[in-house]
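[1] next input, structure requested:
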Amino acid sequence: MVVGRGAGGGEVTTATGLGARLSALGLASLLAAGAGPGAVPFVLDGNRVYARVEFVRPDGSTRAVLAFVDLGGTEMELTSELYAELGLDERDSLRVRVGGVEIVSPKSLVSAERRRARSLPGATEKVEATLPAIVLLDHRLTIDYARRTLEVRPSGAVGPPPGLATPMHLDARTGLVAVDAVIDGRAYGVTIDPGSAYTWLNADAAQPWMRAHPEWVRGTGAVGPANMRMSGDSAESDGRLLRILEVRVGTLSLPNVGALAVADPKLFEWYARKNAVPVIGWIGGNVLRRFRITIDYPTRMMYWERTTPPDTAELDQVGIVLRAEQGRITIAAIATKKGVPTVAEVQPGDALLRIGDLDVATASWGEIWRALHGPPGAHRQLVLERMGRPVSVTAKVTAF
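    Model prediction:
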């Protein structure tokens with residue numbers, strides 16, 4: 001597996017090189033939190049965490065990038081350009097520094113991806129890597145969403161972190177973490193996945209809840225961050241939007257949990273195989289962003305410190321399900337509420353060009369979802385392309 005602690009090998013990093021907004025936020029947060037040597041600022045975009053890390057080149061110099069914190073992934077993925085720059089064809093391991101803590105990953109856990117480096121709002125460094133749980137199994141990871149800081153420490157180096165402690169299940173082959181959750185009086189295994197923008201649950205498990213509590217069903221069709229894959233397939237086009245009254249994890253109460261009930265058995269079978277216990281899906285960033293969460297991998301414990309209340313307006317969105325394909329964003333489906341389409345004059349297959357002043361071609365997914373968000377009944381001006389011609393549509397925001 002992993003691990004080196006590199007106490008003397010790394011330097012405490014600041015947000016140098018990030019955009020001015022991130023620099024101010026990150027440094028202020030680090031000071032306010034009294035964070036340790038493994039703390040770095042991160043960008044939160046579309047409920048996903050992108051932390052500043054440094055990769056060590058063969059000559060000892062470092063290369064700073066933004067890494068997508070994907071605790072549901074099982075490899076550290078680098079762009080092919082970064083992989084080549086780090087000389088990994090000639091090396092047995094990779095060194096990455098998170099603040100002043102150095103982690104050593106065997107080459108077998110690193111892969112090169114053809115995807116291009118991409119930009120995020122408020123940052124000059126680009127997303128060129130992922131940071132998966134599998135390289136953190138000797139450490140304690142803290143994600144403070146309110147302060148926008150991520151911290152890695154050796155487990156046991158300090159006392160217990162703040163927050164409510166809950167036991168967790170760890171699959172040491174993949175690094176995935178699952179907890180025992182109670183929904184509508186029944187216990188289920190659920191993965192904790194900050195890499196997922198939204199909570200997705202198996203529709204087979206959700207059917208009894210939807211029958212018993214029809215008021216939990218908010219619509220059909222993934223919108224906003226629930227549309228987190230932008231795959232355009234039936235999982236998102238036909239997914240049922242839910243607002244679960246309460247999810248309990250040990251003595252922790254998670255009220256008003258937004259979730260997408262997805263009918264895709266193969267997806268959940270594949271996902272369950274990566275976990276130490278059977279699971280019905282995952283708790284994603286829409287829930288986790290309301291907390292300072294600490295995952296202590298060696299002790300198999302999680303700690304939850306609530307920092308903000310639940311956001312029940314997160315899916316007040318223009319009701320369109322989006323697909324990302326070949327560098328374009330197109331309309332996959334129109335979301336419905338009580339069986340009625342929520343947007344008129346927009347058609348599946350239309351390309352989305354602009355949302356108000358936002359150029360969709362250069363926007364991040366988080367920016368797109370924010371532009372489609374608003375108070376129910378508000379309107380958003382959409383510019384579409386249909387059969388090669390521009391079409392302007394005024395679309396209403398719906399509360400899902």
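
[2] quick check: bridge partners of the closest residue in space to Leu141 that isn't next to it in sequence?
    Nearest residue to Leu141 in three dimensions, chain neighbours excluded: Ile295, at 4.8 Å (C-beta to C-beta, 6 or more residues apart in numbering). C-betas here are computed from N, CA, C, even on glycine. Bridge pairing for Ile295 (DSSP bridges) gives the partners Leu141, Met302.

[3] which residues touch Ala335?
    When contacts are counted by C-beta atoms under 8 Å, 6 or more residues apart in numbering, Ala335 is found next to 219-223, 241, 319-321, 341-343, 398, 400.

[4] wait, Val152
    By C-beta under 8 Å, 6+ apart, the residues touching Val152 are Gly38, Val98, Gly99, Val101, Ile103, Leu136, His139, Arg140, Leu141, Thr142.

[5] nearest to Gly284 among those residues?
    Using C-beta to C-beta, Leu141 comes nearest to Gly284 of the contacts of Val152, at 16.5 Å.

[6] touching, the closest one and Tyr297? I think so.
    Yes: counting by C-beta atoms under 8 Å, Tyr297 is a contact partner of Leu141 at 7.4 Å.

[7] give me the common contacts of the two.
    Common contacts of Leu141 and Tyr297 (C-beta under 8 Å, 6+ apart): Ala133.

[8] can you pick out the most distant pair from the contacts of Val152?
    By the measure C-beta to C-beta, Ile103 and Thr142 form the most distant pair in the contacts of Val152, at 15.0 Å.

[9] just the contacts of Ala335 now: which is nearest Asp359?
    Distance to Asp359, by C-beta to C-beta, is smallest for Ile320 among the contacts of Ala335, at 17.2 Å.

[10] for that closest one, which residues count as its bridge partners?
    When bridges are called by DSSP bridges, Ile320 pairs up with Ile334.

[11] roughly how far apart are it and Thr307?
    Ile320 is 31 Å from Thr307, where distance means C-beta to C-beta, to the nearest Å.

[12] between the two, which has more neighbouring residues?
    For Ile320 versus Thr307, neighbours defined as other C-beta atoms under 10 Å are more numerous around Ile320 (28 against 15).

[13] okay, Ala378: pLDDT?
    Predicted confidence (pLDDT) for Ala378: 98.

[14] the helices in the stretch 1-150 of the chain, which residues?
    20-33, 80-85 (DSSP state H, counting those that start in this stretch).

[15] where does this structure have its least confident helix or strand?
    When the helices and strands of the chain are scored by mean pLDDT, DSSP states H and E, helix 20-33 comes last with a mean of 42.

[16] all strands of the stretch 301-400 of the chain, in order?
    For the stretch 301-400 of the chain, applying DSSP state E, counting those that start in this stretch gives strands covering 301-306, 316-318, 320-325, 328-334, 336-337, 340-341, 351-355, 358-359, 379-386, 389-399.

[17] for the closest residue to Glu125 other than its chain neighbours, give its distance to Ile143.
    By the measure of C-beta to C-beta, 6+ apart, the closest residue to Glu125 outside its immediate chain neighbours is Leu66, 5.1 Å from it. Look at Leu66 and Ile143: by C-beta to C-beta, they are 15 Å apart.

[18] and those two? Which one has more around it.
    Per other C-beta under 10 Å, whichever of Leu66 and Ile143 has more neighbours is Leu66, with 27 against 24.

[19] what bridges to the more buried one?
    Beta bridges link Leu66 to Arg52, Val127, judged by DSSP bridges.

[20] give the contact list for it.
    By C-beta under 8 Å, 6+ apart, the contact list for Leu66 reads Val43, Tyr50, Ala51, Arg52, Val53, Leu120, Ala123, Glu125, Lys126, Val127, Glu128, Ala129.

[21] now, among those residues, which is nearest to Met301?
    Ala51 (21.9 Å).

[22] what's the spacing between that closest one and Trp365?
    18 Å.

[23] and the two? which has more neighbours close in?
    The neighbour count for Ala51 versus Trp365, taken as other C-beta under 10 Å, is higher for Ala51 (25 against 21).

[24] I'd guessed the more buried one sits against Val98; true?
    Yes: assessed by C-beta under 8 Å, Ala51 is found in contact with Val98 at 7.1 Å.

[25] joint contacts of these two?
    Joint contacts of Ala51 and Val98 (C-beta under 8 Å, 6+ apart) are Val40, Leu131, Leu150.

[26] hey, what's the last one bridged with?
    When bridges are taken as DSSP bridges, the partners of Leu150 come out as Val40, Ile143.

[27] got the confidence number for it?
    pLDDT for Leu150: 98.

[28] pretty sure it contacts Val69?
    Yes: with contact defined as C-beta under 8 Å, Leu150 counts as touching Val69 (6.6 Å).

[29] please say which of those two ends up with more neighbours.
    More neighbours surround Leu150 than the other of Leu150 and Val69, with 27 against 22 (other C-beta under 10 Å).

[30] how far away is that one from Gly349?
    With distances taken as C-beta to C-beta, Leu150 is found 39 Å from Gly349.

[31] just to revisit the earlier point, now, which of the contacts of Val152 lie within strands?
    Among those, the ones falling in strands (DSSP state E) are Val98, Val101, Ile103, His139, Arg140, Leu141, Thr142.

[32] most surrounded residue in the residues you listed?
    Tallying neighbours with other C-beta under 10 Å puts Val98 at the head of the ones in strands among the contacts of Val152, with 27 neighbours.
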